[in-house]
Every structure is written in structure tokens, then in C-alpha cells.
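Peer 1: Sequence below, structure please.
(one chain, ligands or ions: 2)
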Amino acid sequence: MESRASDPPSPTSPSPSRSSSPPRIRRLEASVVNRIAAGEVIQRPSAAVKELVENSLDAASTSVSVSVKDGGLKLLLVSDDGHGIRHEDLPILCERHTTSKLSKYEDLQTIKSMGFRGEALASMTYVGHVTVTTITEGQLHGYRVSYRDGVMEHEPKPCAAVKGTQIMVENLFYNMAARRKTLQNSNDDYPKIVDLISRFAVHYMNVNFSCRKYGSNRADVHTVGGSSRLDAIRTVYGASVARDLMEISVSDDNPTRLIFKMEGFISNSNYLAKKTTMILFINDRLVDCTALKRAVELVYSATLPKASKPFIYMSINLPSDHVDVNIHPTKREVSLLNQDSLIDTIQSAIEAKLMSSNSTRIFQTQVVSSSLPTTQISTRKDKEHSIANSGVQSQKIPVNQMVRTDSRDPFGRLHSYWKDGSQSSKQEKKSDLASMRSVVVARRNWKENTDFTSLDQLVREIDSNVHPGLLDIVKDCTYIGLADEVFAVLQYNTYLYLVNVVNVSKELMYQQVLRRFSKFNAIQLSEPAPLQDLLLMALRDEELETRGDETETNDDLKEKIALMNIELLKEKEDMLEDYFGIKMEDGSLIRLPVVLDQYIPDMDRIPEFLLSLANDVDWDDERECFQTVSAVLANFYAMHPPILPNPSGDGIRYYRKNREEVGLEAEILVDKSDEEQVDEELVAEAETAWSQREWNIQHVLFPSMRLFLKPPKCMATDGTFVQVASLEKLYRVFERC
Ligand code: ADP
Ligand code: MG
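Peer 2: Residues are numbered from 1 along each chain as shown. Ligands and ions are numbered 1, 2, ... in the order given. So this is what the prediction gives:
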């Protein structure tokens, strides 16, 4: 079953021996290369808007307005009142690698502007029609000029203009049929654009921003510069959000460790949301830092009783040589020097803030060590008695296991204690903080208590089977990229490793299932999925794989097998729901567990999963049962290659409509005529699946792996981790050349 995903669907495979002579290698035309590169920089309309707005901000604008038609595919219009573009620069404005912001490599160390690659505008001209209208100070009139494929279509024409620059991008991706299709199918990009402008508006509070649909007189974001940060947040995200925010700041100026300053606003315990909003600016650049986001979420989930995700606005300033802005072609994900200690410091600051802030809040969480039962910590600083506490606390902890720790009451009492704010000294706060810190750390290590010794055993087995060397690698590695469908390249110190993402993700999911045992959040299916159909589907697939073209088992028999499986699953229904969050009802699958936050498994694998659940689980022995169900879930959630073959490169041939008629000539990719003959809808679907997976590997798997994975010893020898090169040795080799 494992190999199915990477195998092409057999009925459509063309024969491999099409021709005995190797195909000619040709140089791609420059315009094709540029179009491919442009498609990487500008992945979707919102990415174009980000580049344009950053250019406006780099041009010292105080007002930036954005108009969008058809989710940006028809029209993007960004106008600013910045310093404009010189007339003499217009001819090279949209050539690749033309920038006013950087001239030599060393400038990168000190760069303050957001752009510097000179790639954004050029890219847009390869995948859309760009028209620039601009006027510089002291000029009587402005100029308007259109660009295509990096060059001006005509001499700049004089025109009337108001201060600044207006850039219009029309028909984005007009020459990338599959991309256009994907974007048309997927949700309109407009909400992403609104979200983007909202973030800029919060950070650049002295700039007026507006964002609207083209032709509409109502702006969806509209801010007036010059307000306070909190006002800006209120204007953009609403009063209800602003009300539940607390200001936070922390800094460290110890040059031996790290120098940084963080300021921001974070939500308090009254804030309720299903999704985290994290607005992060590092050195005034809007970025993502998945590791930081997860670390913050962890503090919230470990510290607050409510299952709410936080709202975070955070602005971090670091010496610019501590940020590698170059890591990503779109400059979106950054990597930081001393990232771990920075994250630790920020975690502690948020933790302390959450604890000291609200006077009526209850902190409750579970600490576990193998010998100690669950510990409850509650803190109240108001004078009100905390009768309500017990109601808030999780019902899952047996009362006789509740112990409260308090520096003044070391023995623990079975009733809630409360503290008077006026009496609580700094010392006490500190000891609370210390205990809370150990709670968070314990949560991070996920040694949670449960009633099942067999589960404890399984969790302990993971701990005792860790390979310390691999653990170091996992904790401190840098993700480089995918090497092929199964292996990713990562760097650790001066070594490069290949790591099998299917294996590590499977192991990670397995460990997560055991850690979240009986405490899963739910993924609700949009409609109940009938087990009968799914099992039949899986049985047919299985037959195709094992028997090829031989005579089929008759459908009656398959139906009987399916019914028996359903019967069996029905018997185990309650257990599967309570312990593993797999909910089935009336012969349908209703809900699946969240094994890793923000990750949804490949739904194409549900049939295989159900079949495996019914057949590969040992139901007799408790320990075996927990282990096998976890393994089956892990296999389902693992990041296998998508079932549709990868349409990029060679894989495109599986999507040809008239494969027999297409001659050898047409095998060379990225030919316009070629694009028209493939099943575009399917290609688009496959492209989405593959890019989604790649994104998940980089932004979900690796960050979670750093936090949670305990790599077992066998991974050092079974080909999961393979050291491929030592950079030192490589350098030495190069030196000799
Ligand atoms: P980069 O921002 O990396 O320099 P871009 O392709 O985004 O590259 O822009 C190229 C150049 O065009 C910039 O360096 C800048 O000089 C100029 N430019 C682009 N947009 C504007 C604008 N809105 N106002 C003034 N100058 C601009
Ligand atoms: Mg730019």
C-alpha cells in the first residue's frame, strides 16, 4: 500500500520505452526561464500586492491605497504619494535585478529597505501587464509607461499626475493557464489582500492605508495615520479585539547572548478565537516565523484554561546582521541568529504577562511526572472567593489526584485557594512563575498523565528509545528544501543530511497521537462519509495493486468484507471516539482528530485508513491496541507524496489528453501548445496538492519536528537520516581546485 502514492496510476501509464535514443537537451528560451522565475517570486495576487506596497513604503509614502478586481487576476492598482521614479530610470525599471536599494553584497548587512533584489516589478511584467504612472518632486507633469517581459512597450508618455507613483497590474498570470485555473478554483485572493493591508496598517500606523474592491466606494480597510498602535488595531480588527489586548515589551542587550527588542500587544484570557492571528514584523518587515508562532501558541495553550488561540502583534528589532533576509525568494519566512534563545525569552515574557495580568483569571494546567499526580495551579488576586474554579477545571482529572501547589501551603489542599492581590508579594509571584514555567516546560515535553499504564509505557518507550545525536540534529537543523518526492535536505552545523519526510512525519504523528491521547481537537468532515462506500473503494484499490489485471474478486464478496469491517468498527466506535477522536455514527465517518495543529491529512487516503483500521489493529491487548491504532493513524496523517503524480517536470505526461497522438517533439515541457493538451483541471488539482504538501513539510512538519519529535534509534541506520556531505570537506575540495 505504501508505494501506491509514488506509482503512477497504472491504466494511464505510457510505455517507458518510447524511443531508444536519448532526447535532445535544449536551452530554454530566456522568456520561458524568466516566466518560471517570475512565477516563483509572484505566486499569487496577494504576493504582488505585498511587493507593491513594500515599494511604496520604501519610497517614504504617507498614504497607500489598493484596489483589486477579480481577486487581483483582472486588476491590481497600488497608488502612493512617495518620492516617485525618475524619468531616466523608467527604461530599466522593470528589468530583472535593477534596484535603487542595493549596490554591493555588503549592503545586505545594513539594508533598511524592504526591497533590494530588484525582482518584483520585473517578475510582474513576465506574468502580467504592468503600467506605471509616476511623478517626482518639482516636475510639472508625470509619465506613464507600460511594460511587458521586462521592457518598455513604448517611450514614457507625459501625463497629468498627482504626487507619487501608481502601479497597475492587469491580467496577472494570463500566460500561465494552470496557475490561473488554480487561483480561480481556490478561494478568491481578495481576503488575503485585505488581511495583508490590515497587518501593514497596524505596524505602519503613521501611514494612511486603504484597500477596496475596484469600483466600490466602501473600503474594507481604511486607516488614518497618526493614531496610537492600539487605535490602529481597533480601527482594523475592531473594538472587541482591542479591548482584550495587553501591551508587552521585552529587550535584551547583553552582547554575549543576544541583542534584541520586542514590543507588541497580546491577547488576554478573555479573548476567544479559533485561529491564531500573528502579526509579526522583524526590523519593520512583515514576515512569518513559524517556530515563533508555534512557541507562542504553546504558551497560551499551556497557560490558559480556555481553548482559545491568541491574537499577537509583535515587532522585533535585531541587529540587521542577525536576520537572514535572503532565505526565501519572496523574503517571507526569515531565519534568525540565536533563534532558540530569542524564542525562549519571548515565551517567558508572554508567560509572565499572562500570569500577572488579569485579576480574575484562573490558571489551570496539568503537570505530570511519572511519580507525581496531576498538579493544579490556580492564581487569583481579587478578593472574590473562587467557588467557580472547580467548574472551570477540566473534568477529566479525578478529584483525588488534584493537588494545588502554593508556596504558602506546601502540603496542597483539595479546595481552591485564593490570594489577595494586595498581599501577594513579589517573592510569591516569582515562585508562581517558576512553577508555571516548569508547567510549560513539562507541557513542552508532553509527559502527560493518564490512567493507562500501557499508554504510559508507550510514551516512556519513546523517551527511552531516543537517539541523542539525531535529537540534536532535529532540534537545531535548518530546512533547505526537498530533494525529491520523499527526501528533504537539511543542514546541521556544517553537515548536510537527507531526511525521509514520510518516515519522520509518520513517527512524529505516532508520538503526537500518544501524547494527545483522549484530548484531541476535532476535524469535522463537511458531510458524513459513508463507511460502506469508502471501504469498497479501498478494497477495489487494494485489488488493483495486488492482482493487477487478473480476474476480480466478485463485488458481492467485497461487499460482505466491507460489512464485516463496518460491524467491527461499530463495536469499537466508543473507544475510537473517546481515545482517538475518530467519530463514527450511523455507518459514517464524522470526525477525525487534530494530530498536529493546523494540519489536515490527505483526505484521499481515508479509504485506505479505514480498511487498515479494521484490519491492522490488535483489539485484544490494551497496549497493542493503543499502539496499533496510533500507528494506523500515523500512517494516514504522514506526509506521503500525493496520489496524483507530480505534474511538474516529467510527470506532466500522465495528464496528456491524447497521449498516443502526441509525438516525441511535444515531450519537451513548457511549450505553449503542450499546455493546451493536458487535462488542466486535474493538473491544477495536482499542482495544488503538491505545493500544499511542500508547504506543509516546510512550515508544519519541520517546526513541529523541532519542538516535538523524539527520533528513535533505528532512524540512524534505516536510511531515514543520511549524511550526504560535510561542508567543511566540500570547501576543502574546492580550495584544492
Ligand atoms: P526592489 O524593491 O527589490 O528594489 P522592485 O522590482 O520592487 O525591486 O523595484 C525596483 C525599483 O523600482 C526600486 O528599487 C525602486 O527604486 C523603484 N520603485 C518601485 N516602486 C516604486 C514606488 N512605488 N515609488 C518609487 N520607486 C519605486
Ligand atoms: Mg520591491
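Peer 1: what helix or strand is residue 266 on?
Peer 2: Residue 266 belongs to strand 258-267 when assigned by DSSP states H and E.
Peer 1: Given the next helix or strand after that strand, what are its sheet partners and their directions?
Peer 2: Remark: after strand 258-267, the chain's next helix or strand is strand 277-282, criterion DSSP H and E. Within its sheet, strand 277-282 is paired with strand 285-286 (antiparallel), strand 311-317 (parallel), according to DSSP bridges.
Peer 1: Select, out of those strands, the one closest to residue 113.
Peer 2: strand 285-286 (9.4 Å; C-beta to C-beta). For every residue, glycine as well, the C-beta is placed using N, CA and C.
Peer 1: That closest one: how far from the chain's middle?
Peer 2: The chain centroid and the centroid of strand 285-286 are separated by 17 Å under C-alpha atoms, centre = their mean, to the nearest Å.
Peer 1: ok, then the element right after that strand?
Peer 2: Toward the C-terminal end, the helix or strand that comes next after strand 285-286 (DSSP H and E) is helix 290-303.
Peer 1: Spell out which residues of this protein are next to ligand 1.
Peer 2: 51, 55-56, 59, 80, 82-85, 93, 98-101, 115-122, 165 (C-beta under 6 Å from any ligand atom).
Peer 1: Return a ChimeraX selection command for the buried portion of the residues you listed.
Peer 2: Per 16 or more other C-beta atoms under 10 Å, the buried members of the residues of the chain next to ligand 1 correspond to this ChimeraX selection:
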select :51,55,56,59,80,82,83,84,85,93,98,99,115,116,117,118,119,120,121,122,165
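Peer 1: Just the ones of the residues of the chain next to ligand 1 in helices?
Peer 2: Mapping the residues of the chain next to ligand 1 onto helices (DSSP state H) picks out 51, 55, 56, 120, 121, 122.
Peer 1: Throw those into a markdown table and include distance to residue 583 and pLDDT, thanks.
Peer 2: Shown next, in a markdown table, are those (distance: C-beta to C-beta, whole Å; pLDDT from 0 to 100):
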| residue | distance to residue 583 | pLDDT |
| --- | --- | --- |
| 51 | 44 | 93 |
| 55 | 50 | 93 |
| 56 | 49 | 96 |
| 120 | 47 | 88 |
| 121 | 51 | 93 |
| 122 | 51 | 91 |
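Peer 1: For residue 236, state which of those is nearest.
Peer 2: The closest of those, once distances to residue 236 are taken by C-beta to C-beta, is residue 56, at 17.9 Å.
Peer 1: what sits against the closest one?
Peer 2: By C-beta atoms under 8 Å, 6 or more residues apart in numbering, the contact set of residue 56 is 64, 78, 80, 82, 164, 165.
Peer 1: Double-check the third one against residue 66; I have them as touching.
Peer 2: Just to be clear, that refers to residue 80. No: using C-beta atoms under 8 Å, residue 80 is not in contact with residue 66, being 9.9 Å away.
Peer 1: My read is that residue 529 contacts residue 586, right?
Peer 2: No: between residue 529 and residue 586 there is no contact, the gap being 11.5 Å when judged by C-beta under 8 Å.
Peer 1: Just want to know which of these two has more residues nearby.
Peer 2: residue 529 (18 against 9; other C-beta atoms under 10 Å).
Peer 1: Would you mind measuring from the more buried one to ligand 2?
Peer 2: 46 Å (C-beta to the ion, to the nearest Å).
Peer 1: That residue in helix, strand or coil?
Peer 2: strand (DSSP: H, G, I helix; E, B strand; the rest coil).
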